Structure formats: structure tokens, C-alpha cells
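**Student:** The following block contains a protein sequence and its predicted model.
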Amino acid sequence: MIKIISIELYKIFRKWRTYIGFITIGVLVPLIHLSFGLTTEDGGVGMIPRSIREGFVFTGNLANGYFISYIILHSLYIHIPFLIVLIGGDLLAGEATAGTYRMLITRPISRFQIITSKFLAGIIATVLMLVWLAITSLLLGVILFGPGVLIIAQDKVLILAENDVLWRFIAAYGFASISMTVVVSLAFLFSSLVENAIGPIVSTMAIIIVFMILSVIELDIFAAIKPYLFTNYLTGWLLFFDDPIDVQAVIKDVLILTGHILGFYFLSLYIFIKKDILS
């Protein structure tokens, strides 16, 4: 299975579309770092809401590597799914477009191995993109601006000590790997249904956008369906920057997201096993 997965990874990274997300992150994140370096003469205090600034006195440089990395993650995380679907949407549909389905079936491996290897390769590629985001935002941020305390100011002010921040970022990126796996799994499911990669990519993006809109609309008519929208749980990484951390909420979100991943995988497996690709 390891050899099959390595072959699938080679197929993924042979396509130029795979690198769109990596290039976007590699260009955009350093630009954000540069903008912070040029515009944070106030030490980052300007990033704190005015209503909170008026009630506290902030001294020192708040715009350290941890603070900037948190801002980047908070700002870009909502857009990362649209880069992930470029990978998942092409995993199976790409084979149909290239006309290589029959070649796959003639290999001495089962359909279960084919679908599982492609699914796992898609997850690995997704995790690698998040690792790349962590390198360009967190590692580069600490190198350029140094570590320091992390001040999170939204509805309240939370100050996290320097030695209490790094593990939270690691845990947050671990959670992000699970939530982004849901996205690539959904794109993978759509990819098993059609023979063109554009369809799964557009369909997954459309569902994510619709679900996100429904999640933020405060109407009673949508209240009953909100718990069933997986987009409500994608931002669970924010829980790791609370003090104390709501462990039960983290476990709940992880279980719900994992259930979606397994559900999308088994649906894709069933569709692919039943699919007539020899006619």
C-alpha cells in the first residue's frame, strides 16, 4: 500500500494545479509579514479593537512572531479550503479525464486499494500544504519578529505567556489537518461521481460557501440545521487559544469532523466499487 500511495503522490505533485495553493501561500504570507514590518510602528497595538484599547494601556512590542502568525492563520484559514479542493477534486475525476480508469483496473490491485491509496494521498498532500503554511507563517514569523507573549483581543483580552504559545499552535495546526481533511474528502466524493475535475472543485466550493453563509445567518429557520453543517466546526482550532481550553468542545468537534471524513470516504468507496468504468 505504501508503494501505491507514493505513486499517487507522484501523480498529485506532477500536476501544476497542485502547486497553486503552495505558491499562493508562499507569496501571500511573506507579503503579510513584510506589511507588518513596515506598518507596525505602534508595536501592533493598532491591531487591537478600539473598544478594548480605550480600556487598557498597552506597552512594548505586541507584533511578535506569534501574534503575527495568529493574525495570518485567523485571516487565511477561511480561504485555505478553496486551495485544498484543487487537490481533492482531481484525484478520481482526473483519471476519468485522462482515460486511465481501465489501466488502473488492469493492475493487480483491488478497487478498495485504489480508492484508499488515492484518499490517503489526498490527505497527505493536504497536510503538507498546512505544514507549508506553518513554515511560512509561524516559523518565518518567529525568525523575523521573534517570539513573545500572545495577546488575543476580541470580546475579551487574553494574554498567553511566551512559553504557553507554541504548543497551542502545534495543536491548532493538528486540528486544522482534521478539518481540512473534511474538505478534501468532500471534493474526493464529488470526484468519484463525475469525469471532469472542474465539477468537483466548483461543487465543493459552492457547498462550503453556502454552508458558511447559513452558519452566520441569525434566523430561527436555519437554527435547526446549523449543528449539521460541517463548516461550523472547521474553526475549532480557535479553541486552543482559550484559557482554559474547553476540552469537551475540542473532542466533540474532532469526533464530528472525523465522522464526516469517514462518511465521505465510505460513500466514495461504495460509488467507485459500483461504478461501471469498463463500458
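**Tutor:** Arrived safely, thanks for sending. Quick caveat, the model's predicted, so the values are computed rather than measured. Numbering: from 1, shown residues only.
**Student:** hey, where'd the strands end up in the stretch 101-250 of the chain?
**Tutor:** Using DSSP state E, counting those that start in this stretch, the strands found in the stretch 101-250 of the chain span residues 150-153, 157-160.
**Student:** Who are the packing partners of the last one?
**Tutor:** In other words, strand 157-160. strand 150-153 (3 or more CB pairs under 8 Å, 6 or more residues apart in numbering; DSSP states H and E). Every C-beta, even on glycine, is put in place using the N, C-alpha and C of the backbone.
**Student:** pull the CA atoms of the strand it packs on into PDB?
**Tutor:** What follows is strand 150-153, C-alpha atoms only, in PDB (Å, rounded to 0.1, in the frame of the first residue of the first chain):
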ATOM      1  CA  LEU A 150       0.400  36.400  22.500                       C
ATOM      2  CA  ILE A 151      -2.300  38.900  23.200                       C
ATOM      3  CA  ILE A 152      -5.700  38.000  21.800                       C
ATOM      4  CA  ALA A 153      -8.200  40.800  22.000                       C
END
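**Student:** So in that sheet, which strands flank it, and in what orientation?
**Tutor:** Strand 150-153 has the following strand partners under DSSP bridges: strand 157-160 (antiparallel).
**Student:** residues in contact with the partner strand?
**Tutor:** Ile52, Phe56, Val149, Leu150, Ile151, Ile152, Arg168, Phe241, Asp242, Asp243 (CB atoms under 8 Å, 6 or more residues apart in numbering).
**Student:** For those, please prepare TSV with the additional fields distance to His79.
**Tutor:** As requested, the contacts of strand 157-160 are arranged in TSV below (distance: CB to CB, whole Å):
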residue	distance to His79
Ile52	26
Phe56	31
Val149	27
Leu150	22
Ile151	24
Ile152	21
Arg168	22
Phe241	19
Asp242	23
Asp243	27
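**Student:** Can you tell me which of the residues you listed is nearest Ser203?
**Tutor:** Phe241 (32.5 Å; CB to CB).
**Student:** On the three-state scheme, Gly26 is what?
**Tutor:** Secondary structure state of Gly26, per DSSP: H, G, I helix; E, B strand; the rest coil, is helix.
**Student:** What of Ile78?
**Tutor:** coil.
**Student:** do the same with His74
**Tutor:** Classified using three-state DSSP, His74 is helix.
**Student:** same question, Tyr70
**Tutor:** Recorded secondary structure, Tyr70: helix (three-state DSSP).
**Student:** roughly how far apart are the nearest residue to it once chain neighbours are set aside and Ile114?
**Tutor:** Closest residue in space to Tyr70, ignoring its immediate chain neighbours: Leu150 at 6.1 Å, by CB to CB, 6 or more residues apart in numbering. To Ile114, Leu150 is 45 Å away according to CB to CB, to the nearest Å.
**Student:** Just list whatever residues bridge to the residue nearest to Tyr70.
**Tutor:** According to DSSP bridges, the partner residues bridging Leu150 are Leu160.
**Student:** List the contacts of it.
**Tutor:** Counting by CB under 8 Å, 6+ apart, Leu150 touches Asn64, Tyr66, Phe67, Tyr70, Ile159, Leu160, Glu162, Val165, Phe241.
**Student:** what's the neighbour count on the second one?
**Tutor:** By the measure other CB atoms under 10 Å, the count of residues near Tyr66 is 25.
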